[in-house]
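Enquirer: With the sequence up front, the predicted model follows.
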Amino acid sequence: MPGPRKTSAKATTDPQLVERVRVVLNGTRSVVEKKLFGGIAWLLNGNVCVGVWQRWLIARLGGDDVAALRDPNVRPFDITGKPMRGWVKVEPAGCATDDELRDWVQQCVAFVRTLPVK
């Protein structure tokens, strides 16, 4: 009897959102794309910056996560059952337009640029 079927990150993440994030990050220096969190993440200078998990945009905002949580389209990033401080997940409605997505990604890049290079 075969074991449980393994699913790849591509099968569980929104491919259109992944491509949209790629477009926004295109030309940003020191960005690397990796499979992470069961999805796709982009690292900037070795630090995780932003990602896509299932249908959500995963945004690393540092201390700005508290303000972001006031947005009705934003939830704590808690895939393990324990919220990760400094991180939020944005519903598709919160990054539906290119301008909205660009704003989220730019906030992530701005925060991660304040971190030491790894």
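Expert: Nice, I can see it. Bear in mind that the values here come from a model prediction, so they are computed numbers and not experimental data.

Enquirer: Next, the distance between the ends of stretch 21-41.
Expert: 10 Å (CA to CA, to the nearest Å).

Enquirer: Need the contact partners of that stretch.
Expert: 9-10, 12-13, 18, 42-45, 48-54, 57-58, 79, 98, 101-102, 105-106, 109 (CB atoms under 8 Å, 6 or more residues apart in numbering). Glycine gets a C-beta too; all of them are placed from N, C-alpha and C.

Enquirer: so how far is Gly38 from Asp103?
Expert: 25 Å (CB to CB, to the nearest Å).

Enquirer: Oh, that last question was meant for Gln106, not what I typed.
Expert: Separation of Gln106 from Gly38 (CB to CB) stands at 25 Å.

Enquirer: What of Glu19?
Expert: 18 Å.

Enquirer: so Thr12 sits right up against Trp56, yeah?
Expert: No: Thr12 is beyond contact range of Trp56, at 11.0 Å (criterion: CB atoms under 8 Å).

Enquirer: neighbour count winner among these two?
Expert: Set Thr12 next to Trp56 and count neighbours by other CB atoms under 10 Å: Trp56 wins out with 24 against 14.

Enquirer: all helices for this structure, in order.
Expert: For the chain, the helices defined by DSSP state H occupy 9-12, 15-25, 65-68, 98-112.

Enquirer: Between Glu19 and Gly38, which has more neighbouring residues?
Expert: Applying other CB under 10 Å to Glu19 and Gly38 shows that Gly38 carries more neighbours, namely 14 against 11.

Enquirer: List phi and psi for the more buried one.
Expert: phi 70, psi 20 (degrees, to the nearest 10).

Enquirer: any weak-confidence spans in this structure?
Expert: For the chain, applying pLDDT under 70 flags the ranges 1-11.

Enquirer: how about a cut-off of 90?
Expert: For the chain, the stretches with pLDDT under 90 are 1-12, 36-38, 63-67, 78-84.
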